[in-house]
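Engineer: my questions concern the predicted model and sequence given below.
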Amino acid sequence: MATTTNKQRLLTQLFTVLKKKGEYAEPEARPLLEQLLYAICRENATRDLADRAYQNLRSQFFDWNEVRVSSPHEVEEALADLPEPVQRAERIISLLQEVFEANFSFDLEAMHKKGVKQAVKSLARFQAVNDHTVAWAVQQSLGGHAVPLDEVSLRVVQRLGLVDRDLQDRETLRTSLEHLIPKAKGALFNELISWLGAEHCWENEPNCPRCPLCAECPAGQESAAAEAAAARATRSKPR
């Protein structure tokens, strides 16, 4: 594992790369319920895909109640560009049903008065949310410090050496990252990690040679060393 100093240096590189990209925009402010719904769209998906899917939900249905009473197939059509649209549609309908049964409305703004810890406990009771969904709401709506981790972002931070590759507990991994990343840069960190996962750090055959962080990334260095060894072996074969 990298030392804390090395991790901080890598984070500095991360933020520098994003500034050079010049494409970062502040996340859109939304009510708490909408942040939860958007988080379901955003999990393991790029921002562009999530934005498009969320806008489809807003434009293709009259209101959230219509989404709640629609079939999963109807909601799935709005999410067609996302990975696993069926599962997301089911989660969105389930969450809206749970919120409606608990509040007889779709307004969760009263949770802001509870404080972050109590709000997190209340949100965690909904079966349709997971650690990523709640962490997203904490960061984007509740004013707390949280780093949402989905499968894509977890893959990237583990390969970069920011967290232990062998550690599986998502909450422990999040806590480790939250000690490294300032609250003010949490959303910025999400955007860059998501971009790296989509553009370079693929699950299979990652595009390490073109990744701007390859020189700082342990996994990238392993890949480069393996390619160099393979090239030497090829050159050494007798003709």
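Structural biologist: Cool, got the structure.
Engineer: just the endpoints, please. Distance across stretch 59-78?
Structural biologist: Counting by Cα to Cα, to the nearest Å, you get 9 Å between the two ends of stretch 59-78.
Engineer: for that stretch, buried residues please.
Structural biologist: Residues 61, 64, 67-68, 70, 72, 75-76, 78 are the ones in stretch 59-78 that count as buried (16 or more other Cβ atoms under 10 Å). C-beta here means a position set from N, CA and C on the backbone, and glycine is covered the same way.
Engineer: distance check, F126 against N103.
Structural biologist: Note on F126: its distance to N103, by Cβ to Cβ, to the nearest Å, is 11 Å.
Engineer: identify the residue nearest N130 in space, chain neighbours excluded?
Structural biologist: E43 (8.0 Å; Cβ to Cβ, 6 or more residues apart in numbering).
Engineer: I figured the one you found hits S153, correct?
Structural biologist: No - using Cβ atoms under 8 Å, E43 is not in contact with S153, being 9.5 Å away.
Engineer: with neighbour numbers in mind, choose between F126 and N103.
Structural biologist: F126 (19 against 12; other Cβ atoms under 10 Å).
Engineer: which SSE is that one in?
Structural biologist: For F126, there is no host helix or strand (DSSP states H and E).
Engineer: same thing with the one 10 residues further on?
Structural biologist: Per DSSP H and E: W136 is located in helix 131-137.
Engineer: can you name the element that comes right after that helix?
Structural biologist: helix 151-160.
Engineer: residues touching that next one, excluding its own?
Structural biologist: Residues from elsewhere that reach helix 151-160 (Cβ atoms under 8 Å, 6 or more residues apart in numbering): 10, 44, 149, 163-165, 170, 173, 177, 190, 193-194, 196-198, 201, 203, 206, 213, 216-220.
Engineer: worst-scoring helix or strand of this protein, pLDDT-wise?
Structural biologist: helix 218-236 (a mean of 73; mean pLDDT, DSSP states H and E).
Engineer: mind checking which of the buried residues of stretch 59-78 land in strands?
Structural biologist: If you go by DSSP state E, those have nothing in strands.
Engineer: please enumerate the helices of this protein.
Structural biologist: Along the chain, counting by DSSP state H, helices occupy 4-21, 32-42, 47-60, 64-69, 72-78, 85-103, 116-124, 131-137, 151-160, 170-180, 186-199, 218-236.
Engineer: okay if I get the ones you listed as CSV plus distance to E109?
Structural biologist: Below are those laid out as CSV (distance: least, Cβ to Cβ, whole Å):
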stretch, distance to E109
helix 4-21, 31
helix 32-42, 6
helix 47-60, 18
helix 64-69, 14
helix 72-78, 24
helix 85-103, 10
helix 116-124, 11
helix 131-137, 12
helix 151-160, 28
helix 170-180, 25
helix 186-199, 21
helix 218-236, 42
